[in-house]
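Novice: with the input below, show me the fold.
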Amino acid sequence: MVAMAENSGALWHGFADMGAVTASGPFVVTRGEGTRIWDRDGKSYLDATAGLWFTNVGHGRTEIADAVSRQLGTIAHYSNFGDIASDVTLQLADELAAIAPVPGSKIFFTSGGSDSIDTAVKLARRYWVEQGKPGKRVVVSRTKAYHGMHAAGTSLAGIPLNHDGYGELMHDVQNVDWDDAKSLLGLIERVGADNIAAFFCEPIIGAGGIYLPPAGYLEEVRAICRDHDILFVVDEVVTGFGRIGGDSWFASARFDLQPDMITTAKGLTSGYVPMGAVFIAPRVAEPFFAGGVWWRHGYTYGGHAAAAAAALANLEIIRRENLLAEATRLEGDLAAALSPLAELDSVAEVRTGLGAVTAVQLADPASAPATVLKLREHGVSTRAAGQGALQVSPAFVMTTEEVGELADRMRAALS
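Specialist: Got it, this is the predicted structure:
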């Protein structure tokens, strides 16, 4: 058994005030099982966020660990550049293509969600070059949007604090209102469809505060993109692989969006090892598969063999345990159990009712850090997204009884 190391303070945490972290010390998680995690003192917590939106099948799935171990003992990884591929990576690509919302989609593997976004931005622009329309370079996102933290994702961010202080990392980026399709139409009229490459859209705004799409919004922006020959890119890093509910693998399928690209990560492996993928519709892939064209893009660990083994084991668990249906059950359970929290003076509203996702919006956003600590005292691990929205996005294995337990503990803390 490895001895527990004392915290030296060497770790630089993401999205953190390191002065505050250094002063208080980190929250150290040492173990997980199902929907619960334990800290270094042995205290257990309900994991309200499934890690960070990703542990869809729950913690402690030894069969995923075993699958990774077997693959590591065979061949851990080999480049997928040129004509090379691992057998397990080819198998995973075929399985993903079989569940793709757009039949005939191609699968480009990445190391995570931010990679997937950068990949989609580059491919969108390069596609139009191959179509003889190099002027179509502008990429569009929405207010409140989060698309990862690489250069492209930072530029696309609709959360000002996430791109402030870096200067202009990428040219030709525009932002429209997150909830108004007419805002996209207005931008097209001002900029010109001949200058716009792609529109990026989260089905549910995630890190920006967990906002559900207005009725008909997704279908309307999809139609606008189709009418104006603009690539429609759906960011399903959060919603992919079941979290959207409706017994669907993807929001793109639940809402019949027929996107040109889908960016994914998180639930692909349930976070057991890092991996992402971009689903690319035949229309976009065709110029690159016709022959004679190189797309000079890729990642050393894209399609990592051990990660592919983890993904295959994860997908098998989702199928065998019918977890897509369980996510749909959670859609109703979370709404029923957490909506009454809106009665509390400390809560402004509860946004819920679509997928295994809920936001408990605090009346005082500034109280979010203290509230997260108070929730830990009550045995709940969560985080604040956007402006003081407590994130609830549990593993699909969370039972109806555990949802009730979560609601009770949150009520006690918020009261």
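Novice: who touches the longest helix seen in the chain?
Specialist: Across the chain, the longest stretch assigned as helix under DSSP state H is helix 113-130. Helix 113-130 is contacted by residues 108, 110, 134-137, 139, 147-153, 156, 170, 197-198, 200, 231, 233, 235, 237, 261, 263-266, 276-278, 280, 284, 287-288, 293, 295, 297, 299, 302 when judged by Cβ atoms under 8 Å, 6 or more residues apart in numbering. The way it works is simple: take the backbone N, C-alpha and C, and place the C-beta from them, glycine included.
Novice: any of the residues you listed buried? List them.
Specialist: For the contacts of helix 113-130, a burial check counting by 16 or more other Cβ atoms under 10 Å picks out 108, 110, 136-137, 139, 147-150, 152-153, 156, 170, 197-198, 200, 231, 233, 235, 237, 261, 263-266, 276-278, 280, 284, 287-288, 299, 302.
Novice: now, the residues you listed that are in helices?
Specialist: Per DSSP H, these map to helices at Ala152, Gly153, Leu156, Val284, Pro287, Phe288.
Novice: any idea how many residues pack against the residue lying closest to the fifth one once chain neighbours are set aside?
Specialist: With sequence-adjacent residues excluded and distances taken as Cβ to Cβ, 6 or more residues apart in numbering, Pro287 is closest to Glu130, at 4.1 Å. Neighbouring residues of Glu130 were enumerated by other Cβ atoms under 10 Å; the total is 15.
Novice: equivalent analysis for Asp47, please.
Specialist: 25.
Novice: from what I can see it touches Val392, true?
Specialist: No. The pair Asp47 and Val392 does not pass the contact test of Cβ atoms under 8 Å, sitting 10.4 Å apart.
Novice: would you turn the ones in helices among the buried ones among the contacts of helix 113-130 into CSV with distance to Lys374?
Specialist: Compiled in CSV, these are given as follows (distance: Cβ to Cβ, whole Å):
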residue, distance to Lys374
Ala152, 37
Gly153, 32
Leu156, 34
Val284, 47
Pro287, 54
Phe288, 52
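Novice: and the furthest pair within the residues you listed?
Specialist: Pairwise distances across those peak at 24.9 Å for Gly153 and Pro287 (criterion: Cβ to Cβ).
Novice: how far does stretch 298-306 sit from its chain's centre?
Specialist: Its chain's C-alpha centre and that of stretch 298-306 lie 19 Å apart, by Cα atoms, centre = their mean, to the nearest Å.
Novice: after the helix or strand hosting Ala370, which helix or strand is next? Please name it.
Specialist: Using DSSP states H and E, Ala370 falls within helix 368-377. Per DSSP H and E, the first helix or strand lying C-terminal to helix 368-377 is strand 380-381.
Novice: run through who's touching that next one.
Specialist: Strand 380-381 is contacted from outside by 27, 29, 37, 45-49, 375, 406, 409-410, 413, using Cβ under 8 Å, 6+ apart.
Novice: correct me if wrong: Ile196 contacts His228.
Specialist: Yes. Applying Cβ under 8 Å as the test, Ile196 and His228 come out as touching, 7.4 Å apart.
Novice: give me the more crowded residue out of these two.
Specialist: Counted by other Cβ under 10 Å, Ile196 and His228 do not tie: Ile196 has more neighbours, with 26 against 16.
Novice: for the more buried one, what are its contacts?
Specialist: Per Cβ under 8 Å, 6+ apart, neighbours of Ile196: Lys136, Val138, Val139, Val140, Gln174, Leu187, Ile188, His228, Ile230.
Novice: from Val293, how far out is the closest residue to the first one other than its chain neighbours?
Specialist: Leaving aside its chain neighbours, Lys136 sits nearest to Trp128 (3.9 Å; criterion: Cβ to Cβ, 6+ apart). Note on Trp128: its distance to Val293, by Cβ to Cβ, to the nearest Å, is 14 Å.
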